[in-house]
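1. Return a 3D structure for these sequence lines:
(3 chains)
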Amino acid sequence: MSADNPITVATVHASAHKLFSVRRTWAIASNTFRDLVRQKVFYFMLVFALILIGTSVAMASISFQGQLQTVMDVCLGAMSVFTMLLAVLSTAMLLPKDMEDRTLYTILAKPVARFEYLAGKLIGVTMILLIATLLMTAAFCVVLYYWQGREIENIRLNDPVERATAAIAQLKAGTFTPTLFGGIGIILLRSIVCATLTLMLSCFATSWLFTVIVALMMILAGHLVPIARTVWQGPLGSAMDVPFHIAILMRLITVFVPDMQIFIVVDDIAVGVSVSGEVFLRIAGMGAGYVAVYLLVGYLFFAWKEL
Amino acid sequence: MRLALESSAKGRILGILVLLAWGIAKFPLEARLEKRMEDTRLGGYRPTASLRQQAGQAGFIAALGGLRAAVADMLWIRAHMAWQDVQYGRMKLLFDTCTAMQPRRVSFWDIAAWHMAWNGSVHIENAEHDPIVRRAKMREFYRLGEDFLLRGIESNPESWELYDRLGMLYRDKFKDMAKASAAYEEASRRPGHLEYTRRFAAYYLAEVPGREQEAYARLLALFHEGEHEWLPTLFRQIQKMEERLGIPDAQRIYHEVVKFAGTPGHAESAYAALRDLIKTGARQPAVIEMARALEQKMDMPAERQIKLPPHDQRPPE
Amino acid sequence: MNTPAIAIESLTKEFTNPSVFRRGKITAVKNLTLSVEAGQVYGLLGPNGSGKSTTMKIVLGLVTPTAGRTSIFGRDSRDVESREAVGFLPENPYFYKFLTGAETLDFYGKLCGLGGKVLRDRSRELLALVGLEDAANRRVGGYSKGMLQRIGLAQALVQEPRLLVLDEPTAGVDPAGSLEIRDLILRMKQRGITVMLCSHLLSQVQEICDRIGIMNHGELVREGALDDLISIENQTELTLENASPALLAELRERAEAGGARVLAAHKPQQNLERYFLEVTREKK
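-> Next up, the predicted model:
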């Protein structure tokens, strides 16, 4: 090529630009995943979760009865808390880090739509959350299986044969249920909602710490949404008892904060309540709604952001 | 994809508008889902201000974040430590918190009630000297146990166990057989109940003055279900009712037992039924004759035969 | 006429003062009009805070203008498609530290819609071009400043853009590295790639740019072909070798007789950069 013949270079990308490209989004997602896997926070969280599962064993051994239930309660609780924290902490750092390192400039200076960038980040975090949940579930199943074995042994020793057989069958049928795994699925969904919420906030916020604090506060307040809704829905007489500023606050919470209480099914699952597929679907539908809306709002914040 | 607006403020305003629209749209959806979950008895727990005081700030926040069940377990262990220290007041508070956090856990209600009505009342019985105060305090503990069971039933209306414990509490502590019978009756209507709850409902009804007719009908129904129901208590209660209601001889149940014993093929079980019938008060000659006949037929040694007291050789008039 | 590589029309950008106490607007770019023709190497100069970085970001669609419009080869900068034709190297770039050089190019290639063998070949070619074949499988986290700048240049070139935008490409790089980057830019120019360069290392700009614009306080104060701007029309420099003092005296006399005035006569000095490179190369 010579200088006399200047414009002959761009030949590779002959195809038309696509509005949304799976390849570009996937490139960002897999890169985000690799980035997160290499971050120590992930391993720290995982070790912490494993320690907690160990603690459940200790707690079950000092508990007087219902040891199997105690193990389930503690493990499922630990899983909900750790996936939530993992979602918030790892998502909050993604955008600020790219901005600080100016890698964001190099990425957005390529033909990458800002929506693809955000969606890619979210998919990367989702993959991490999925892997973390799977690992914790595997550890949890091992612990649960061990405690189920001990409980069966106990029943064999203490109960007459014909009652023991029935009790063991009942115990087995009530431990590894579809509802239990559905509940773990809801834990995962909840963590994805938390991640999307955090991503949305980090599109708006200027500091990493602000994002984390506001996200955690919103998630916590999210568990109070049923109360806030009751205040709003309540009859006039009872609403009058609530001071004006509280009533306003409750309305703001109902509108702007996600109802996190709908994702809390595991606490009841350990007790042996079974959940219908229809309720699972409805919860999943709400979760998907939150993810879609928060991603859209995050995009609106991000699309006009000055970099 | 073109960014028509220029200022980042516009993006923020647009974003907040979308959030607002979603917030309004989601309101009925979430309310409906909450209702649906309540209908299927999910999420019986609702955070309340009083719970915040009981669980403490840290516990309350942990409970909100998804550790509710684990926090409840921890408080449960603490309640048992309080029991070992004989602190019944503290136990009651901790039980209240645990059950508020895990209202769907039947064993929490059951054991809390048992600690109050049985252990607590016995503790008072041993510790309190003044008989009047003792009676009042013990009754107070029974009430606490009853309260736990009733609240537990409110949260777990399908649990037969809680009704069963309630029946036991009314029978053994309150000595209120009408309520005991009603509780067992409720227990026997719930899935998974054990057979005895149905019998107890009928048996204890027979102890309630003024409801003999009703009790007699129930007992007879049990009797007609078959020989597997022919237990000593049933015989006793039925014969008691026959006496009290003055049932004509022809309609009394002993005829049927004798008839059963007269049909060949099950001498052993027939003899056992006759023996139970006699033990629970039957002295009719037909019964005794049939029993003796079977003893002969089975070559029963004298020491294993039914012995009647001397003055009871003849049936009462 | 060819479409200009970059067209900037009456561009204005105002930022809101982030300080709460001193509310008001800061004008970063004021009514700027400028165009870069295809095939040129254009130097945009100016002191810090003169608005050149903001201008670049607007051209790349990273910042939205308050007024006016910019385009790349006729496509509006606000369209994502416009960035298919442009490669950008920001000032002091950092890339994902956990990726190797080759993986970095792979990542940026995928962002441009490339993949498979095309991308692998392109990646190898670029690593050779910027002289990083040996470091291709090392983590970027361990790269020196010059290497980072070179991998940055390679990623900017990954989709074979027609336009390169370089922000301080040699900032913080040692003279040898700086020279290599300069040579790379000249090679791009030979290939027909338009280059827009932001720098305040004027000697370098002077060596490679065809045309420059000087910005100050958000405004373009001078613009034109480099030679036209800096040559002094009524002066001529003569450099002689082995001239005797007598010859010099004679020349001076002739000049004054001809009506010219001799302003200065001195021994030319070596360029310090060249001297430094000579000395450091001897040591190797």
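
2. Okay, helices next: where are they in the stretch 1-150 of chain C?
-> Counting by DSSP state H, counting those that start in this stretch, the stretch 1-150 of chain C has helices at residues C:52-59, C:101-111, C:116-129, C:145-156.

3. can you redo these as JSON lines with distance to A:Lys110, mean neighbour count and mean pLDDT?
-> For the C-beta atoms, the positions are set from N, CA and C on the backbone; glycine is no exception. Formatted as JSON lines, the helices of the stretch 1-150 of chain C follow (distance: least, Cβ to Cβ, whole Å; neighbours: other Cβ atoms under 10 Å in any protein chain shown; pLDDT from 0 to 100):
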{"stretch": "helix C:52-59", "distance to A:Lys110": "14", "mean neighbour count": "25", "mean pLDDT": "91"}
{"stretch": "helix C:101-111", "distance to A:Lys110": "4", "mean neighbour count": "25", "mean pLDDT": "93"}
{"stretch": "helix C:116-129", "distance to A:Lys110": "13", "mean neighbour count": "15", "mean pLDDT": "92"}
{"stretch": "helix C:145-156", "distance to A:Lys110": "9", "mean neighbour count": "24", "mean pLDDT": "91"}
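
4. would you list these in CSV and tack on distance to chain B?
-> Listed next are those as CSV, based on distance: least, Cβ to the nearest Cβ, whole Å:
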stretch, distance to chain B
helix C:52-59, 11
helix C:101-111, 16
helix C:116-129, 24
helix C:145-156, 22
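
5. Of all those helices, which one is nearest chain A?
-> In terms of Cβ to the nearest Cβ, the element of the helices of the stretch 1-150 of chain C nearest to chain A is helix C:101-111, at 3.6 Å.

6. Kindly reformat the helices of the stretch 1-150 of chain C as a markdown table containing distance to A:Arg34.
-> A markdown table is the format used below for those (distance: least, Cβ to Cβ, whole Å):
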| stretch | distance to A:Arg34 |
| --- | --- |
| helix C:52-59 | 28 |
| helix C:101-111 | 9 |
| helix C:116-129 | 18 |
| helix C:145-156 | 17 |
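
7. what's the span of stretch C:92-111, first residue to last?
-> Start-to-end span of stretch C:92-111 (Cα to Cα, to the nearest Å) is 21 Å.

8. wait, does it contact chain A?
-> Yes. For a cut-off given as Cβ under 8 Å from any Cβ of the partner chain, stretch C:92-111 has contacts with chain A, namely C:Asn92, C:Pro93, C:Tyr94, C:Phe95, C:Tyr96, C:Phe98, C:Leu99, C:Phe107, C:Tyr108, C:Lys110, C:Leu111.

9. just checking, the last one touches A:Ile107?
-> Yes. Counting by Cβ atoms under 8 Å, C:Leu111 does reach A:Ile107; the two are 6.4 Å apart.

10. Between the two, which contacts overlap?
-> Jointly contacting C:Leu111 and A:Ile107 under the rule Cβ atoms under 8 Å, 6 or more residues apart in numbering or on different chains are A:Ile28.

11. if we can go back for a sec, tell me which two of the residues of stretch C:92-111 next to chain A sit farthest apart.
-> Using Cβ to Cβ, the residues of stretch C:92-111 next to chain A span at most 24.2 Å, a distance reached by C:Asn92 and C:Lys110.

12. Go ahead and produce CSV holding the CA coordinates of stretch B:75-85.
-> Provided in CSV are the C-alpha atoms of stretch B:75-85 (Å, rounded to 0.1, in the frame of the first residue of the first chain):
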residue,chain,number,x,y,z
LEU,B,75,-32.7,-17.9,69.9
TRP,B,76,-34.3,-21.4,70.3
ILE,B,77,-31.0,-22.7,71.7
ARG,B,78,-30.8,-19.7,74.0
ALA,B,79,-34.3,-20.5,75.3
HIS,B,80,-33.1,-23.9,76.2
MET,B,81,-30.2,-22.5,78.0
ALA,B,82,-32.7,-20.3,80.0
TRP,B,83,-34.6,-23.5,80.8
GLN,B,84,-31.4,-25.0,82.3
ASP,B,85,-31.0,-21.9,84.4
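
13. what's around residue 292, how many residues?
-> Here I'm looking at chain A. Residues lying near A:Ala292 (other Cβ atoms under 10 Å in any protein chain shown) number 12.

14. that answer is for a different chain, and I need it for chain B
-> For B:Arg292, using other Cβ under 10 Å, the count is 14.

15. OK, contacts around it?
-> By Cβ under 8 Å, 6+ apart, the contact list for B:Arg292 reads B:Gln305.

16. what do you get for B:Ile16?
-> Listed by Cβ under 8 Å, 6+ apart, the contact set of B:Ile16 reads A:Val297.

17. In the helix or strand where it lies, which residues are buried?
-> According to DSSP states H and E, B:Ile16 maps onto helix B:8-39. For helix B:8-39, burial by neighbour count (16 or more other Cβ atoms under 10 Å in any protein chain shown) applies to B:8, B:10-12, B:14-15, B:18-19, B:22-23, B:26-27, B:30-31, B:33-34, B:36-37.

18. Excluding sequence neighbours, find me the nearest residue to residue 48.
-> All of this is about chain A. Spatially, and ignoring its direct neighbours in sequence, A:Phe48 is nearest to A:Phe82 (6.6 Å; Cβ to Cβ, 6 or more residues apart in numbering or on different chains).

19. wait, chain C
-> Nearest non-adjacent residue to C:Asn48 (Cβ to Cβ, 6+ apart): C:His200, at 7.6 Å.

20. need the residues of the stretch 101-250 of chain B near chain A, please.
-> B:Gln102, B:Arg104, B:Arg105, B:Val106, B:Ser107, B:Ile111.

21. Just the closest of those to chain C, please.
-> B:Gln102 (44.5 Å).

22. Report the contact partners of the residue nearest to A:Phe48.
-> A:Phe82 makes contacts with A:Met45, A:Phe48, A:Ala49, A:Leu52, A:Ala132, A:Met136, as judged by Cβ under 8 Å, 6+ apart.
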